[in-house]
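S.K.: What shape does this take:
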Amino acid sequence: MKNNKSIIIWLLSGCILLFIMVMVGGITRLTNSGLSMTDWHLVTDTFPPLTEDKWVDAFEEYKKFPEYQKINIHNNFTLSDYKFIYFWEWFHRFIGRIIGMVFIIPFVYFIVKKRLDSETIKKCIVLLFMGGFQGFLGWFMVKSGLIDNPDVSHFRLALHLTFAFITFAYTLWVALDLIYPNKNVVITSLRSIARIALVILIIQIIYGGFVAGLNAGLVHNHWPLMSDGQFIHDSVFIEQTSFLKNFTEGKSGVQFIHRTFAYVVVAMMFLLYFKSKKYTLNTLQQKGVYSLLIIVIIQFALGIFTLLFHVPLWLGLAHQLVAFVLLSAMVFTLHRLSK
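M.R.: Residues are numbered from 1 along each chain as shown. Next comes the predicted model:
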């Protein structure tokens with residue numbers, strides 16, 4: 001680990017920046033700021049407009065698109081309001097540029113200095129492509145809200161969000177490979193449960209993206225049952241034209257899946273915990289399993305309160321933040337049970 005200390009710090013710095021970027025992305029979404037920048041340029045968008053005339057030009061360009069023409073034109077939307085939403089989208093993209101620089105410059109340096117072995121280089125090249133693809137997904141998402149419908153596709157939003165989580169998870173995994181180079185004795189049954197739990201958690205994250213993209217957290221703000229005291233509300237089956245669309249495009253159906261699948265996520269963490277009692281785990285493995293149990297309970301509670309209070313900004317962000325922490329603990333635990 002000592003020989004790889006600077007490389008580990010580099011990778012963990014990337015994890016922290018990815019975490020910050022996802023949090024800012026959450027603020028961008030919850031403040032309806034994501035469509036404020038109507039174009040994408042690698043260099044010229046690096047800084048926001050620096051003069052009042054430039055701000056006016058940007059605002060006039062924004063007025064040509066559906067979000068202003070169909071929504072904000074009716075809200076006494078001023079230049080000051082535009083500056084607010086512009087900041088969050090700009091800041092989100094700016095962090096993306098910082099992540100690119102933080103990754104590429106040290107990567108080239110470590111290669112030149114021959115600090116990376118071939119296996120780590122391969123993993124870092126994968127990360128490089130993942131970062132570039134994530135940038136593309138961001139613009140692909142924004143573009144969907146600039147045509148007719150003044151809102152981004154919830155499918156594209158979920159893809160953008162989930163891929164950010166996956167990129168973070170893989171970066172953390174690569175760092176953990178360097179932090180813990182020595183192999184553990186693999187407990188196959190626990191590893192299998194942890195792998196299934198990770199897949200289930202990612203599915204839940206995808207549906208979290210669906211909920212965010214459809215604003216599905218603003219309906220059926222009751223728990224443990226949905227509206228009218230129903231476990232599965234009648235609207236789940238009639239909102240869209242087909243069974244599949246009801247559970248992928250309907251607000252009620254998407255919320256039902258997300259709120260119900262949360263029980264499956266919790267159950268998997270408890271299953272892992274109780275199964276682990278049958279084996280002698282080392283300290284790190286024990287801490288990983290215990291942390292999963294604690295964090296998933298906190299996340300479950302946050303999900304309930306976020307729903308009951310109609311998704312206030314701070315609770316929505318807290319729910320997303322703890323999802324990130326839960327994924328981190330899941331990756332760490334799986335790594336310690338696998339290697």
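S.K.: tell me which helix or strand of this protein sits lowest on mean pLDDT?
M.R.: When each helix and strand of the chain is scored by mean pLDDT, DSSP states H and E, helix 66 comes last, with a mean of 90.
S.K.: Distance from it to the middle of the chain?
M.R.: Put simply, helix 66 sits 26 Å off its chain's centre (Cα atoms, centre = their mean, to the nearest Å).
S.K.: Next: stretch 184-203.
M.R.: Distance, stretch centre to chain centre, for stretch 184-203: 21 Å (Cα atoms, centre = their mean).
S.K.: can you list contacts of that stretch?
M.R.: If you take Cβ atoms under 8 Å, 6 or more residues apart in numbering as the criterion, stretch 184-203 is touched by 162, 165-166, 261, 264-265, 268-269, 271-272, 275-276, 279, 281-282, 285, 292, 326-327, 330-331, 333-334, 336-339. Where you see a C-beta, it was placed from the backbone N, CA and C, and this is true even at glycine.
S.K.: follow-up on the earlier one: and the next helix or strand past the least confident helix or strand of the chain?
M.R.: Proceeding N to C from helix 66, the next assigned helix or strand is helix 79-112, under DSSP states H and E.
S.K.: What are the buried residues along that next one?
M.R.: For helix 79-112, burial by neighbour count (16 or more other Cβ atoms under 10 Å) applies to 82-83, 85-96, 99-100, 102-103, 106-107, 110.
S.K.: How about stretch 259-271?
M.R.: By neighbour count on 16+ other Cβ under 10 Å, the buried set for stretch 259-271 is 259, 261-262, 265, 268-269.
S.K.: Can you pull out the residues in contact with it?
M.R.: Stretch 259-271 is contacted by residues 193, 196-197, 200-201, 203-204, 207, 223, 226, 292-293, 296-297, 300, 303, 307 when judged by Cβ under 8 Å, 6+ apart.
S.K.: Only C-alpha atoms, please: export it in PDB.
M.R.: This file holds the C-alpha atoms of stretch 259-271, laid out as PDB (Å, rounded to 0.1, in the frame of the first residue of the first chain):
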ATOM      1  CA  ARG A 259     -41.200   2.100  -2.300                       C
ATOM      2  CA  THR A 260     -41.900  -1.700  -2.400                       C
ATOM      3  CA  PHE A 261     -38.400  -2.700  -3.700                       C
ATOM      4  CA  ALA A 262     -37.000  -0.800  -0.700                       C
ATOM      5  CA  TYR A 263     -38.200  -3.700   1.500                       C
ATOM      6  CA  VAL A 264     -36.200  -6.100  -0.800                       C
ATOM      7  CA  VAL A 265     -33.100  -4.000  -0.300                       C
ATOM      8  CA  VAL A 266     -33.500  -4.000   3.400                       C
ATOM      9  CA  ALA A 267     -34.200  -7.800   3.500                       C
ATOM     10  CA  MET A 268     -31.000  -8.500   1.500                       C
ATOM     11  CA  MET A 269     -28.900  -6.600   4.000                       C
ATOM     12  CA  PHE A 270     -30.500  -8.400   6.900                       C
ATOM     13  CA  LEU A 271     -30.000 -11.700   5.100                       C
END
